[in-house]
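# Everything below, folded, please.
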Amino acid sequence: MKRTTNIERRLAAIRKNIVAENVSMDEIAELQNELVEHIDPSDMLLLEWAGVPEKATYYTDSERWSTRNGEVINHEAN
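Below you'll find the predicted structure:
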């Protein structure tokens, strides 16, 4: 059985308030400043509300690169 941490419970509570359209400015600030590093990378709703830019991957014939937070990362093509 997995133990739910206080952080996980808090993220779940904020998520519930976002979905219910009842989120406060304090909760948004908490999400952006204190909890952002604990958000699951696949949780697009919380990442969006936390202000984390989307990750984009671009392809060409000879290379692949991605961006995260404005930083360009080059990858060798497979």
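# these two touch, right, residue 10 and residue 35?
Yes: the pair residue 10 / residue 35 is scored as a contact, 6.5 Å apart, by CB atoms under 8 Å. Bear in mind the C-beta positions are built from the backbone N, C-alpha and C, glycine included.
# show me where pLDDT drops low in the chain?
1-3, 55-78 (pLDDT under 70).
# The top helix by length along the chain - contacts with which helices or strands?
Using DSSP state H to define each element, the chain has its longest helix at helix 6-19. Helix 6-19 is packed against helix 25-30, helix 44-49, with contacts defined by 3 or more CB pairs under 8 Å, 6 or more residues apart in numbering; DSSP states H and E.
# Please point out which parts of that helix sit buried.
Buried residues in helix 6-19, counted by 16 or more other CB atoms under 10 Å: 10, 11, 14, 15, 18.
# quick check, nearest of those to residue 26?
residue 14 (10.2 Å; CB to CB).
# Tell me how far that closest one lies from residue 23.
Distance, residue 14 to residue 23, by CB to CB, to the nearest Å: 7 Å.
# Repeat that for residue 33.
According to CB to CB, residue 33 and residue 23 sit 15 Å apart.
# swap in residue 40?
Residue 40 is 18 Å from residue 23, by CB to CB.
# Pick out whichever of these two has more residues nearby.
residue 23 (17 against 10; other CB atoms under 10 Å).
# Can you show me the CA trace of the longest helix of the chain as PDB?
C-alpha atoms of helix 6-19 as PDB (Å, rounded to 0.1, in the frame of the first residue of the first chain):
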ATOM      1  CA  ASN A   6       1.300  15.700   2.600                       C
ATOM      2  CA  ILE A   7       2.600  17.100  -0.700                       C
ATOM      3  CA  GLU A   8       0.700  14.600  -2.700                       C
ATOM      4  CA  ARG A   9      -2.500  15.400  -0.700                       C
ATOM      5  CA  ARG A  10      -2.000  19.100  -1.200                       C
ATOM      6  CA  LEU A  11      -1.400  18.700  -4.900                       C
ATOM      7  CA  ALA A  12      -4.600  16.600  -5.100                       C
ATOM      8  CA  ALA A  13      -6.600  19.300  -3.200                       C
ATOM      9  CA  ILE A  14      -5.400  22.100  -5.500                       C
ATOM     10  CA  ARG A  15      -6.200  19.900  -8.500                       C
ATOM     11  CA  LYS A  16      -9.700  19.400  -7.200                       C
ATOM     12  CA  ASN A  17     -10.200  23.100  -6.700                       C
ATOM     13  CA  ILE A  18      -8.900  23.900 -10.200                       C
ATOM     14  CA  VAL A  19     -11.300  21.400 -11.700                       C
END
